[in-house]
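Asks: kindly generate the corresponding structure for this input.
(2 chains)
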Amino acid sequence: MNINATLLAQAVVMIVFVAICWKYVYPPILEVMQEREKKISDGLEAAKKADDSLEEAKLAFDKEMDQAKTEAAEILKKANARASQIVGDASSKAEEEAEKIMTSASTSIENETNKAKEELRQQMSEIIIDTTQKILGDEISPEKHDAILKKAAEDL
Amino acid sequence: MAKELTTKSYIDHHLTNLTCGKTPEGWTCDPHYVDQMGFWAFHVDSLFWSIFLGGLFILLFRMAMPKSVSADSTPTGLQNFVEMSIEFVEDNVQSLFGSVKNKLIAPLALTVFVWILLMNLMDLIPVDFIPVLAGHIAYFLVGGPEHAWINSPESFYFKVVPTTDPNITLGMALAIFVLTIYYSIKVKGPKAFVAELTLHPFGKWMIPVNFILEMVNFIAKPISLGLRLFGNLYAGEMIFILIALMLFFSSIPIGMVGFGLHLVWALFHILIVALQAFIFMALTIAYLAMAHETEEH
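Replies: Numbers count the residues shown, from 1 in each chain, chains lettered A, B, ... in the order given. Next up is the predicted model:
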């Protein structure tokens, strides 16, 4: 076992190699590794976030869908109610109209009848006066006996 | 080498580094003159493999991340391996270092781990492959009868696994030791650092005793760190050499057993190779974490 200057030479060589490794070899490798590590962890985090937001979106979608369904059902119900109401309204209006027509018809019939009756009465009284004149001569003039005639007509 | 190949010479040859240094006669790379070189000698083979594999590490990890790579592209092939290594190191730093932020620790730990792993892995290449190849190349390039250390390809000494050289492991431990002291002083301040070494366990009236005790504790860390790695790998290499001897110096049946043993030991050694690299890294992080701790006693 000879200890000689080889020992010092090796110590110097070692310091040189360590310095080279420290300055030129180690940092670039470590930098790439750390950068990649960061990228991967960022990517994983982003994926997790995307997953979460997808879940959230799904929930929101379901909620919206449920709400839409309820709304649709409500609208349908309302529409049905409205339709039946419209139908009901229309039929009652028609009935009313029919009744009104009937009433007016019967009123006009009555009026016509009364008118006819009046006319008939008039004519009758005239005929009677005529006839009476013929029978009694000119003794009875319409002007003189108007009051009597009128009363007779009223009595008829 | 004119000597006949014996068991002893085979082992010696495998355990001797290619050492270059200055002798009274001038510079030489003949390990036989190691005693005359003194301290200022260099294990050229260990340093060559150490620098080569360190460079391989830098190149590999640099190539895995070209400029075109961004956080958006899918990692492929080499990039996956590199990112896995970094994640492994980051996890370890995180668990041992806790909240303390020091940008140097992770690159240091990564360098230590991958580099030592690569150096240890050289142990799995069969023991004679590279030395013989290197011997022929060296003989072809500079060999000749005028150089005793390379007058034939076989006389060339070449030890492949740098971590079986205590100079390499202790050298790394020394660099870490220096860093530990630097950060201790930087984080705690020189006063607290000195106080840590002198004021316990016995209080201020026993400063010399405290200092000796703490110093032993302090210095034992890098030495044990370096020697642990060296010991494990040296022993592993030794067993590979002994198994290789079974193939060279005995009968064919024993050689066949050696063949099987080599496979078994190589498989087991993979575990040691990775484990020792990991332990060295973990302890490096732990020692530096201690340097950042502001303890209260």
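Asks: contacts only, for whatever residue of chain A ends up closest to chain B.
Replies: Proximity of chain A to chain B (C-beta to the nearest C-beta) peaks at residue A:10, 2.9 Å away. For glycine as for every other residue, the C-beta is placed from the backbone atoms N, C-alpha and C. Applying C-beta atoms under 8 Å, 6 or more residues apart in numbering or on different chains, we find residue A:10 in contact with B:46-47, B:50, B:167-168, B:171-172, B:175.
Asks: how about residue B:33?
Replies: Taking C-beta under 8 Å, 6+ apart, one finds B:21, B:23 in contact with residue B:33.
Asks: hmm, 10 Å instead?
Replies: B:19, B:21-25, B:41, B:148-149 (C-beta atoms under 10 Å, 6 or more residues apart in numbering or on different chains).
Asks: then residue B:156?
Replies: B:1, B:13, B:18, B:29, B:45, B:131-132, B:134-139, B:142-143, B:147, B:149-150.
Asks: over to residue B:104?
Replies: A:18-19, A:21-22, A:26, B:179, B:183, B:288.
Asks: just residue A:154 next, same as before
Replies: A:121, A:125.
Asks: hang on, the earlier thing: so which of the contacts of residue B:33 sits lowest on pLDDT?
Replies: In terms of pLDDT, the least confident member of these is residue B:148, at 72.
Asks: which residue comes closest to it once chain neighbours are left out?
Replies: Distances taken as C-beta to C-beta, 6 or more residues apart in numbering or on different chains place residue B:30 nearest to residue B:148, at 5.4 Å, with adjacent residues excluded.
Asks: what's the pLDDT at the closest residue in space to residue B:286 that isn't next to it in sequence?
Replies: Among residues not flanking residue B:286 along the chain, residue B:96 sits closest, at 5.5 Å (C-beta to C-beta, 6+ apart). We have a pLDDT of 84 for residue B:96.
Asks: before we move on, what about the one 4 residues further on?
Replies: At residue B:100, the model reports a pLDDT of 68.
Asks: distance of residue B:133 from residue B:153?
Replies: In this structure, residue B:133 and residue B:153 are 9 Å apart, going by C-beta to C-beta, to the nearest Å.
Asks: typo on my end, it should be residue B:272
Replies: In this view, residue B:272 and residue B:153 are 31 Å apart by C-beta to C-beta.
Asks: figure out how far the biggest strand by length in chain B is from the centre of its chain.
Replies: The strand that spans the most residues within chain B, counting by DSSP state E, is strand B:19-23. Counting by C-alpha atoms, centre = their mean, to the nearest Å, strand B:19-23 is centred 22 Å from the centre of its parent chain.
Asks: next, see if it gets close to chain A.
Replies: Yes - Strand B:19-23 reaches chain A (C-beta under 10 Å from any C-beta of the partner chain) through B:19-21.
Asks: which other residues reach the next helix or strand after that strand?
Replies: Counting by DSSP states H and E, the next helix or strand C-terminal to strand B:19-23 is strand B:26-28. Contacts with strand B:26-28, where a contact means C-beta under 10 Å, 6+ apart, come from B:19-22, B:36-37, B:41, B:147-149.
Asks: among the contacts of residue B:104, who's most crowded?
Replies: Most neighbours among these, by other C-beta atoms under 10 Å in any protein chain shown: residue A:21, with 26 neighbours.
Asks: ok, now which ones touch that one?
Replies: Applying C-beta under 10 Å, 6+ apart, the residues near residue A:21 are A:27, B:54, B:57-58, B:61-62, B:104, B:106-112, B:114-115.
Asks: show the pLDDT at the residue nearest in space to the middle of chain A.
Replies: By C-alpha atoms, centre = their mean, chain A has its centre lying nearest to residue A:75, at 6.6 Å. At residue A:75, the model reports a pLDDT of 96.
Asks: tell me which element it is part of?
Replies: Going by DSSP H and E, residue A:75 is in helix A:26-136.
Asks: got the angle between the helix or strand just after that helix and helix A:26-136?
Replies: With elements assigned by DSSP H and E, the helix or strand that comes after helix A:26-136 is helix A:146-155. On the basis of axes from the mean of the first three to the mean of the last three C-alpha atoms, to 10 degrees, helix A:146-155 is oriented at 130 degrees to helix A:26-136.
Asks: residue of chain B with the smallest distance to chain A?
Replies: For chain B, C-beta to the nearest C-beta, closest residue to chain A: residue B:171, 2.9 Å.
Asks: out of the contacts of residue B:33, which are buried?
Replies: The neighbour count (16 or more other C-beta atoms under 10 Å in any protein chain shown) marks B:19, B:21, B:41, B:149 as buried among the contacts of residue B:33.
Asks: would you say residue B:101 is within a strand?
Replies: No - under DSSP: H, G, I helix; E, B strand; the rest coil, residue B:101 falls outside any strand and is assigned coil.
Asks: show me what from chain A comes close to chain B.
Replies: Counting by C-beta under 10 Å from any C-beta, chain A sits next to chain B at A:1-40.
Asks: buried ones from the residues you listed, can you make that a PyMOL selection?
Replies: To isolate the buried ones among those in PyMOL, judged by 16+ other C-beta under 10 Å, type:
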select buried, chain A and resi 2+4+5+6+7+8+9+10+11+13+14+15+17+18+20+21+22+25+26+28+29+30+32+33+36
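Asks: contacting residues around the residue nearest to residue B:148?
Replies: B:18-21, B:23, B:36-37, B:147-150, B:155, B:157.
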